[in-house]
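K.L.:
here are the coordinates; sequence isn't available:
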């Protein structure tokens, strides 16, 4: 459950949590054309709070809106500052940030006409998306019967609300089977990503992750690639198959919500030793040092409140 906070930023002003409502004829509610981001703020080792890669997230929000033919009625700088201010107003030293832009009420039917584009920013405390135990011991994953859409079917580089129906169906399917998360294949049968995460495999010290074909280019994915290379690992963006996935030494997911979550089992096949692997742990430790401000080399990735 989302923990209730005090205020939500909505169309340029703060409103009470329970009063941040929309009309039932909101266009996005019916047809799914809206865009959003998921961002994290961390309570750093020195007592300050910092948002991880805020500029990149805001850029992706505006790029998603561009792809979706939506004009967000605020500048990137205004949205970035509103993210910070919403955390401050709610007294959160760390938490999850959800900017959302949607098409409001007016015309119904598939063409929204001149319906207004509305914007909100919601923040709330949120721990490990796939569980603290999952971060340490790894999770059980199932390849879903649902397939990621073709690159020209729903615009894979946009974080569009309606795109996530595919992910919801996949996740509901595997949860009902007793697994923790889903993996989806692309339209050509190669491994694509998780329901809301990018995926990495490790074999003989080489890290491999899906190229930017069927996937949304994850901001955490890029950060982990950079950190891994700085630690001396080779990283390849290369397609891989289901059976290659089964036979790797380590597997992990990346994402704003998932952070770096190890996978210990795929389709009832044990991955490596059946627990978090040593390279995954090394990357986790390095990643959390970065987001908590302990590694000044990456200080440019942090936006302090």
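P.N.:
Cool, got the structure. Note that the coordinates shown come from a computational prediction; the quantities given were computed from them, not determined experimentally. Numbers count the residues shown, from 1 in each chain.
K.L.:
and the helices in the stretch 101-250 of the chain, which stretches?
P.N.:
132-137, 165-176, 219-230, 242-246 (DSSP state H, counting those that start in this stretch).
K.L.:
helix or strand next in line after the shortest one, which one?
P.N.:
Remark: after helix 242-246, the chain's next helix or strand is strand 250-255, criterion DSSP states H and E.
K.L.:
touching that next one from outside, list them.
P.N.:
Here strand 250-255 makes contact (Cβ atoms under 8 Å, 6 or more residues apart in numbering) with 38, 129-130, 141, 181, 194, 196-202, 218, 220-221, 224, 245, 260-263, 266, 271-272, 276-277, 279-280, 283. C-beta: built from backbone N, CA, C; applies to glycine.
K.L.:
cool, and stretch 36-49?
P.N.:
Taking Cβ under 8 Å, 6+ apart as the rule, stretch 36-49 contacts 50-54, 57-58, 60-61, 64, 83, 87, 92-101, 123, 159, 161, 255-257, 259, 291-294, 302, 304-305.
K.L.:
what do you get if the cut-off is 7 Å, keeping everything else the same?
P.N.:
For stretch 36-49, contacts defined as Cβ atoms under 7 Å, 6 or more residues apart in numbering pick out 50-52, 54, 57, 60-61, 83, 87, 93-100, 159, 161, 256-257, 291-294, 304-305.
K.L.:
residues of stretch 138-147 that come out buried?
P.N.:
Within stretch 138-147, the residues scored as buried using 16 or more other Cβ atoms under 10 Å are 138-144, 146-147.
K.L.:
scratch that, stretch 238-246 is what I was asking about
P.N.:
239-240, 245-246.
K.L.:
dump the residues you listed into TSV; add pLDDT as well.
P.N.:
Formatted as TSV, the buried residues of stretch 238-246 follow (pLDDT from 0 to 100):
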residue	pLDDT
239	96
240	97
245	96
246	97
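K.L.:
residues contacting the spatially closest residue to residue 122 that is not a sequence neighbour?
P.N.:
Spatial nearest neighbour of residue 122, excluding adjacent residues (Cβ to Cβ, 6 or more residues apart in numbering): residue 98 at 4.6 Å. Shown in contact with residue 98 (Cβ under 7 Å, 6+ apart): 36, 38, 122.
K.L.:
hmm, try it at 10 Å
P.N.:
Residues counted as contacts of residue 98 (Cβ atoms under 10 Å, 6 or more residues apart in numbering) are 2, 8, 36-39, 83, 86, 120-124, 126.
K.L.:
what's the pLDDT at the nearest residue to residue 177 once chain neighbours are set aside?
P.N.:
Once flanking residues are discounted, residue 177 sits nearest to residue 142: 5.9 Å by Cβ to Cβ, 6+ apart. Here, the pLDDT recorded for residue 142 equals 98.
K.L.:
check residue 119 too.
P.N.:
On the pLDDT scale, residue 119 is placed at 98.
K.L.:
lovely, talk soon.
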